[in-house]
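A.B. asks: Here you go, sequence then predicted model.
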Amino acid sequence: MNVHIGPIGDGHAGEVMTIQRAAYLQEARRYGAWDLPPLVETLAQVRAHLSDGTPALGAFDGTRLVGSVRSRVDGGRMEVARLCVAPDVQGGGVGRKLLHMISAKAPEGVDVVWLFTGAESEDNLRFYESAGFVRVAEHLDAVGIRCVTLEQRVA
């Protein structure tokens, strides 16, 4: 597989939503929570996020979108949001490429990149920590799942 990373926009929204739902089903099973925000986000919401001017990237194998990541910027902080990889290509380095590239796309003035994942998602926590993210806090999300917030300073 020869994956390249590139920008995505609202024209990719349907593909993004399909991959996102497939990728987050594992988390929904883990927590018994079928109403996770990535699973109930509408096509209109995905389109709006992809057109808001914040960095958003896709991983492409030829013309096939196999992964995506979005961001939200708030002052000097950028959230890595909705990092997802198609289940049939997970484990091949696509997520790591997307995470690295979105962090590198932090706009000027951003000094911290952050994200959160479920506290029981041990593989996700290992993945983010191996990429240089550090645990900084825990909280309950909107559906009552205990989550861990991780941060990384922008170089």
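C.D. replies: Cool, the structure landed. Because the structure is a prediction, the values reported are computed rather than measured.
A.B. asks: ok, residue 100 to residue 5 distance?
C.D. replies: Using Cβ to Cβ, to the nearest Å, one obtains 9 Å as the distance from residue 100 to residue 5. To be clear about C-beta, it is placed using only N, CA and C from the backbone, and glycine gets the same treatment.
A.B. asks: who's in contact with the top helix by length along the chain?
C.D. replies: The single longest helix within the chain, with elements called by DSSP state H, is helix 13-31. Helix 13-31 has contacts (Cβ atoms under 8 Å, 6 or more residues apart in numbering) with 8, 33-34, 36, 38-39, 41, 43, 46-47, 50, 58, 65-68, 82, 84-87, 90, 118, 120-121, 145.
A.B. asks: can you pull the buried residues of that helix?
C.D. replies: 13, 15, 16, 17, 19, 20, 21, 23, 24, 27, 28, 31 (16 or more other Cβ atoms under 10 Å).
A.B. asks: again with stretch 34-53
C.D. replies: Counting neighbours by 16+ other Cβ under 10 Å, the buried set in stretch 34-53 is 36, 38, 39, 41, 46, 47, 49, 50.
A.B. asks: Can you point out the buried residues in the top strand by length along the chain?
C.D. replies: Identified as the longest strand of the chain according to DSSP state E is strand 64-74. Buried residues in strand 64-74, counted by 16+ other Cβ under 10 Å: 65, 66, 67, 68, 69, 70, 71, 73.
A.B. asks: you'd agree the fifth one is up against residue 85?
C.D. replies: No - with contact defined as Cβ atoms under 8 Å, residue 69 does not reach residue 85; the gap is 9.3 Å.
A.B. asks: shared neighbours, these two?
C.D. replies: residue 98.
A.B. asks: The residue nearest the centre of the chain is in what secondary structure piece?
C.D. replies: Among the residues of the chain, the one closest to the centroid is residue 83, at 1.8 Å (Cα atoms, centre = their mean). Element membership for residue 83 (DSSP states H and E) is strand 77-85.
A.B. asks: swap in residue 116?
C.D. replies: Assigned by DSSP H and E, residue 116 falls in strand 112-118.
A.B. asks: Going by contacts, tell me the helices and strands next to that strand.
C.D. replies: helix 13-31, strand 77-85, helix 122-130, strand 146-153 (3 or more Cβ pairs under 8 Å, 6 or more residues apart in numbering; DSSP states H and E).
A.B. asks: Could you export these as TSV, including mean pLDDT and distance to residue 108?
C.D. replies: Below are these laid out as TSV (pLDDT from 0 to 100; distance: least, Cβ to Cβ, whole Å):
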stretch	mean pLDDT	distance to residue 108
helix 13-31	95	26
strand 77-85	97	11
helix 122-130	96	24
strand 146-153	96	15
